[in-house]
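> what's the 3D shape of this:
(one chain, ligands or ions: 1)
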Amino acid sequence: MSAFKKNIQETAVLVETALEDFLPTQEGPLGRVVDAMRWGSLDGGKRLRPFLAIAAADIFDCPRERSIRVGCAVEMIHCYSLIHDDLPAMDNSDLRRGRPSVHKKFDDATAILAGDALLTQAFEILADDATHPDGAVRCAVALELARASGKAGMVGGQMIDIYAEQKDFDLAGVTQLQRLKTGALIRFSTIGGGLVGGASKEETALLAAYAEDLGLAFQIVDDILDETADAETLGKPVGQDTEMDKATFIKLFGMDGARSKAEQLVITAKAHLDRFGDAAEPLRGAADFVFERKN
Ligand code: GRG
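All right, here's what the predicted structure looks like:
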């Protein structure tokens, strides 16, 4: 197993334990929403976003108990977005992470509430002084996550994805859509880890530049997998982009062109990390992983 795979698996165990602690089961009617939050967030996924947060914070020797909280906050936002994205009103997807999506396992209302509760709990975690003793740092991290998740970030990207006439999108249009829908949370993960670790303005800008290239590479690979992988490997339905005539990087560049664009982005992403030396090796590994991933 590569050093990176071992590294991300170890981080995933830490994140799983922390998420379990944040989401203890409860008795009574309230227990149902907690069960749905657990179904939508525990025991699944690559945990790439928390990995980025923890790896970025590690560069600055940040105590893990702080960076894991940032990682859990962004994973909760990510899981809420997947739960809502799978609803009949959006992607209408029955399968997620290789098992029934939350609204299939429970029902639509419970899935909406579980997503809402994960979204709000993410900010509860960041606002707690266990995340950082300095309120200004907690506030800066929460501000970045709010911007990355809301109308100027993931929600905005989802809106464009659902309603824009995508067939005429050029490179700028596709890049803008993906920068918001997927890129914003990946960018937050990296700079959120940096901020909780005490990164300077200049260091945060380098982490942001890395994450922006990484986010686009991630999305291009996502487009490629949607066309080439099978549903079992991916743990979700495939071929939906083509079916819905979505604007993708493959439509713009062709399969080979998209692959070499992603490869190029991984190289430029890693170049932004030069200043951090060996301490950024896990983030370099994440960039290679994003390009090579199969799910
Ligand atoms: C509902 C507000 C709202 C937003 C939804 C993220 C998103 C926006 C929709 C998900 C649809 C999708 C498949 C997007 C492509 C990129 C993406 C986020 C893939 C899933 O992320 P991974 O591969 O998943 O990191 P795991 O399961 O490993 O965490």
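
> Tell me which helix or strand the residue in the chain positioned nearest to the ligand sits in.
When distances are taken as CB to the nearest ligand atom, the chain approaches the ligand most closely through residue 45, which lies 3.1 Å from it. For the C-beta atoms, the positions are set from N, CA and C on the backbone; glycine is no exception. Assigning secondary structure by DSSP states H and E places residue 45 outside every helix and strand.

> Count the residues that sit near it.
21 (other CB atoms under 10 Å).

> Residue 167 too?
Counted with other CB under 10 Å, residues neighbouring residue 167 total 9.

> Equivalent analysis for residue 110, please.
When neighbours are defined as other CB under 10 Å, residue 110 has 19 of them.

> Residue 31 is in contact with that one, correct?
No - with contacts defined as CB atoms under 8 Å, residue 110 does not count as touching residue 31, sitting 11.2 Å away.

> Identify the contacts common to the two.
Residues touching both residue 110 and residue 31 (CB atoms under 8 Å, 6 or more residues apart in numbering): none.

> quick one: the residue most central in space within the chain and residue 218, what's the gap?
The centre of the chain sits closest to residue 49, judged by CA atoms, centre = their mean, with a distance of 4.6 Å. For residue 49, the distance to residue 218 under the criterion CB to CB, to the nearest Å works out to 10 Å.

> Residue 182 too?
Counting by CB to CB - residue 182 and residue 218 are separated by 6 Å.

> ditto for residue 79
Using CB to CB, residue 79 is found at 17 Å from residue 218.

> Mind listing what's buried along the helix or strand of the chain with the lowest mean pLDDT?
Taking mean pLDDT, DSSP states H and E as the measure, the chain has helix 240-243 as its least confident helix or strand, at a mean of 74. Taking 16 or more other CB atoms under 10 Å as the neighbour-count basis, helix 240-243 is seen to contain the buried residues residue 241.

> Check stretch 257-265 too.
Across stretch 257-265, burial judged by 16+ other CB under 10 Å covers 258-259, 261-262, 265.

> Now, those residues that are in strands?
Of the buried residues of stretch 257-265, none are assigned to strands by DSSP state E.

> So residue 69 versus residue 141, what's the distance?
Taking CB to CB as the criterion, residue 69 is separated from residue 141 by 9 Å.

> which of these two has more neighbours?
residue 141 (28 against 23).

> tell me which element that one is part of?
Assigned by DSSP H and E, residue 141 belongs to helix 135-149.

> got the contact list for that helix?
Counting by CB under 8 Å, 6+ apart, helix 135-149 makes contact with 70, 73-74, 77, 81, 119, 122-123, 126-129, 131-132, 153-155, 184-185, 187-188, 191-192, 195-196, 198, all of which sit outside it.

> same question for stretch 190-201, mean pLDDT?
Across stretch 190-201, pLDDT averages out at 98.

> What parts of the stretch 101-250 of the chain come near the ligand?
154-155, 158, 181-182, 222 (CB under 6 Å from any ligand atom).

> ok, 8 Å please
115, 149, 154-155, 157-158, 161, 181-182, 185, 218-219, 222, 226, 235-236 (CB under 8 Å from any ligand atom).

> In helices, which of the contacts of helix 135-149 appear?
Secondary-structure check on those using DSSP state H: residues within helices are 70, 73-74, 77, 81, 119, 122-123, 126-127, 154-155, 184-185, 187-188, 191-192, 195-196.
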